[in-house]
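Engineer: Show me how the following folds:
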Amino acid sequence: MMTVNCNHIEGRRFVRLLKECSENKDLHTGARLHSEILQRRGLFQKNPYVSSALINMYAKCGDLMEAQRVHDELCFPDIPSWNALISSYAQQNQGHQVINCLKKLQRESLSFDEITSICALKACGSVRDIELGKHIHVEILCSGLCEERNVMIGTCLVDMYAKCGKVSIARQIHDGIQNQDVISWSALIEGYAQQGRGHDALECFDRMLVEDHYPNAITFISTLKACSIIRAIDKGKWIHDGVTKRGLLDQNSLLGTCLVDMYVKCGFLAEAQKLHDQLCVRDVVTWSALITGYTQQGQCHNALKCFELMQNDGLSPNAVTFTCILKACGNIGAIDKGKHLHDVIVSMGLLEKDIVLCTALVDMYAKCGALSRAQQVHDKLSTRNEASWNALITGYAQQ
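Structural biologist: Numbering: from 1, shown residues only. Here you go, the predicted structure:
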């Protein structure tokens with residue numbers, strides 16, 4: 001009896017110390033505690049709280065391989081230890097690893113609990129695995145977890161079905177949740193926006209407001225995407241006023257980017273530029289949205305000016321930025337600028353990774369009349385698609 005009590009006390013002490021290591025990202029001390037735990041016979045295998053704390057510690061410190069190894073060394077892993085591993089992979093957005101764990105867990109005939117279900121549904125949504133998602137839904141119902149009364153489970157189901165493109169099922173589940181909140185509404189609005197159903201997304205947004213659920217930054221981001229889809233500029237301006245009054249633009253750079261993108265897609269480039277200039281944080285995505293807008297509106301010199309200003313800010317372009325600015329170069333025949341960009345793209349190793357960018361290069365050379373360069377780039381492509389062939393054919397036809 002004394003041994004059991006001592007093990008229990010020791011276990012609580014190690015759990016507390018491992019939690020401190022997790023919070024401080026102190027992998028060195030955590031590994032030392034691991035060695036001490038192994039020296040205490042039975043503590044690792046018989047105390048699930050200690051093993052779970054070890055897995056969590058390694059995962060929070062960024063060593064998922066060691067977290068997996070600790071789990072694999074358990075003789076009889078239980079739900080808490082599985083949850084520790086599954087939630088660790090989920091937090092690192094490694095959906096496929098979560099699904100692998102779930103399949104092993106099912107082979108051991110262990111029942112899901114709330115934590116397992118939430119992590120599993122998030123993973124299925126992230127990798128768009130609707131069949132496994134449906135299976136987990138059945139497991140949830142069999143385990144007695146009620147989606148109507150458990151708002152977290154219900155919200156995760158809404159999110160999973162929405163991300164997998166089954167928005168009608170997501171809506172049905174959402175409407176059955178007894179205590180809907182801003183998170184469940186946001187998941188549904190995002191699902192409609194991802195499917196291009198802007199009117200349905202805005203209808204949900206309005207209904208959420210009527211039911212006195214005030215939107216957060218995530219809700220506003222999803223709703224702005226819907227405004228961009230259907231060119232709902234008035235609703236977009238109303239959201240702009242709301243987020244400005246609440247000071248959200250200073251706290252969330254993605255919100256600023258979505259607002260710039262909304263104004264661009266609605267054709268209000270002056271407003272997009274004004275907002276962009278006022279943002280505290282401007283990243284490559286925000287600049288790319290503005291550059292895309294100017295290029296699409298035929299204002300290619302403004303696009304090139306924005307590109308230079310972005311580089312002056314010390315920001316490195318990504319594949320999307322390069323694709324847009326190459327289009328601008330092609331439209332105005334800026335062959336020298338295009339050649340320079342080509343060299344930069346090659347030096348960054350982007351040509352091997354992005355067929356859209358490669359096609360933009362072919363198109364730029366073709367529009368500038370440099371057909372031999374266009375043909376040369378096209379011939380070196382590892383993958384050629386209809387767009388790259390069309391760019392080349394159109395170039396020859398124009399000459």
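Engineer: Can you name the next helix or strand after the lowest-mean-pLDDT helix or strand in the chain?
Structural biologist: Lowest mean confidence among the helices and strands of the chain (mean pLDDT, DSSP states H and E): helix 43-46, at a mean of 67. The first helix or strand that comes after helix 43-46 along the chain, using DSSP states H and E, is helix 48-60.
Engineer: For the stretch 101-250 of the chain, which residues score under the pLDDT cut-off?
Structural biologist: 146-148 (pLDDT under 70).
Engineer: Try it again at 80.
Structural biologist: Applying pLDDT under 80 to the stretch 101-250 of the chain flags residues 106, 108-112, 143-149.
Engineer: how about the helices in it?
Structural biologist: 114-127, 130-142, 151-163, 167-176, 182-194, 198-210, 217-230, 233-245 (DSSP state H, counting those that start in this stretch).
Engineer: how about those helices, which one is nearest Leu304?
Structural biologist: For Leu304, the closest of the helices of the stretch 101-250 of the chain is helix 217-230, at 24.0 Å, according to C-beta to C-beta. (Glycine included, C-beta is placed from N, CA and C.)
Engineer: Alpha carbons only: can I get the closest one in CSV?
Structural biologist: Extracted in CSV, the C-alpha atoms of helix 217-230 (Å, rounded to 0.1, in the frame of the first residue of the first chain):
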residue,chain,number,x,y,z
ALA,A,217,-12.1,38.0,-36.3
ILE,A,218,-12.5,34.5,-37.7
THR,A,219,-16.1,35.2,-38.5
PHE,A,220,-15.3,38.5,-40.2
ILE,A,221,-12.6,36.8,-42.3
SER,A,222,-15.0,34.1,-43.6
THR,A,223,-17.7,36.7,-44.2
LEU,A,224,-15.3,39.0,-46.2
LYS,A,225,-14.4,36.0,-48.4
ALA,A,226,-18.2,35.6,-49.1
CYS,A,227,-18.4,39.4,-49.9
SER,A,228,-15.5,39.0,-52.4
ILE,A,229,-17.3,36.1,-54.1
ILE,A,230,-20.5,37.9,-54.8
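Engineer: Give me the angle between that helix and helix 198-210.
Structural biologist: 140 degrees (axes from the mean of the first three to the mean of the last three C-alpha atoms, to 10 degrees).
Engineer: can you redo the helices of the stretch 101-250 of the chain as TSV with distance to Asn56 and mean neighbour count?
Structural biologist: Shown next, in TSV, are the helices of the stretch 101-250 of the chain (distance: least, C-beta to C-beta, whole Å; neighbours: other C-beta atoms under 10 Å):
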stretch	distance to Asn56	mean neighbour count
helix 114-127	12	23
helix 130-142	22	17
helix 151-163	20	25
helix 167-176	30	18
helix 182-194	24	24
helix 198-210	35	18
helix 217-230	26	23
helix 233-245	35	16
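Engineer: Would you reformat the ones you listed as a markdown table and include distance to Ala319?
Structural biologist: Output for the helices of the stretch 101-250 of the chain, formatted as a markdown table (distance: least, C-beta to C-beta, whole Å):
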| stretch | distance to Ala319 |
| --- | --- |
| helix 114-127 | 22 |
| helix 130-142 | 29 |
| helix 151-163 | 24 |
| helix 167-176 | 29 |
| helix 182-194 | 21 |
| helix 198-210 | 26 |
| helix 217-230 | 21 |
| helix 233-245 | 27 |
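Engineer: To Leu315, which of these lies closest?
Structural biologist: By C-beta to C-beta (comparing all of the helices of the stretch 101-250 of the chain), the closest turns out to be helix 217-230, at 21.2 Å.
Engineer: just how off-centre is the closest one within its chain?
Structural biologist: Distance of helix 217-230 from its chain centroid, counting by C-alpha atoms, centre = their mean, to the nearest Å, is 15 Å.
Engineer: Contacts for it next, please.
Structural biologist: For helix 217-230, contacts defined as C-beta atoms under 8 Å, 6 or more residues apart in numbering pick out 182, 185-186, 189-190, 192-194, 196-199, 201-202, 205, 208, 215, 232-233, 235-236, 239, 242-243, 248, 251-252, 254-255, 258-259, 261-262, 265-266.
Engineer: now do stretch 317-335
Structural biologist: Under C-beta under 8 Å, 6+ apart, the answer for stretch 317-335 is 284-285, 287-288, 291-292, 294-295, 298, 300-301, 303-304, 307, 310-311, 337-338, 341, 344-345, 350, 353-354, 356-357, 360-361, 363-370.
Engineer: Kindly recompute the last result at 7 Å.
Structural biologist: Contact with stretch 317-335 is made by 284, 287-288, 291-292, 295, 300-301, 303-304, 307, 337-338, 341, 345, 350, 354, 356-357, 360-361, 363-364, 367-368, 370, as judged by C-beta atoms under 7 Å, 6 or more residues apart in numbering.
Engineer: Is there a quick ChimeraX command that grabs whichever of those are buried?
Structural biologist: One line in ChimeraX is enough to select the buried ones among the contacts of stretch 317-335; burial here means 16 or more other C-beta atoms under 10 Å:
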select :284,287,288,291,292,295,300,303,304,307,337,338,341,345,350,354,357,360,361,363,364,367,368,370
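Engineer: Select from the contacts of stretch 317-335 every entry located in helices.
Structural biologist: Of these, the ones assigned to helices by DSSP state H are 284, 287-288, 291-292, 295, 300-301, 303-304, 307, 337-338, 341, 345, 356-357, 360-361, 363-364, 367.
Engineer: residues near Leu269, how many?
Structural biologist: Per other C-beta atoms under 10 Å, the neighbour tally for Leu269 reads 18.
Engineer: so it touches Thr295, yeah?
Structural biologist: No - look at Leu269 against Thr295 with C-beta atoms under 7 Å: they stay out of range, at 10.8 Å.
Engineer: Tell me the confidence at Val4?
Structural biologist: At Val4, the model reports a pLDDT of 43.
Engineer: Quick check: end-to-end length of stretch 325-345?
Structural biologist: 12 Å (C-alpha to C-alpha, to the nearest Å).
Engineer: Report the separation between the residue nearest to Asp113 when sequence neighbours are not counted and Asn302.
Structural biologist: Take Asp113 and drop its neighbours on the chain: the residue closest to it by C-beta to C-beta, 6 or more residues apart in numbering is Ile79, 5.7 Å away. Going from Ile79 to Asn302 by C-beta to C-beta, to the nearest Å gives 58 Å.
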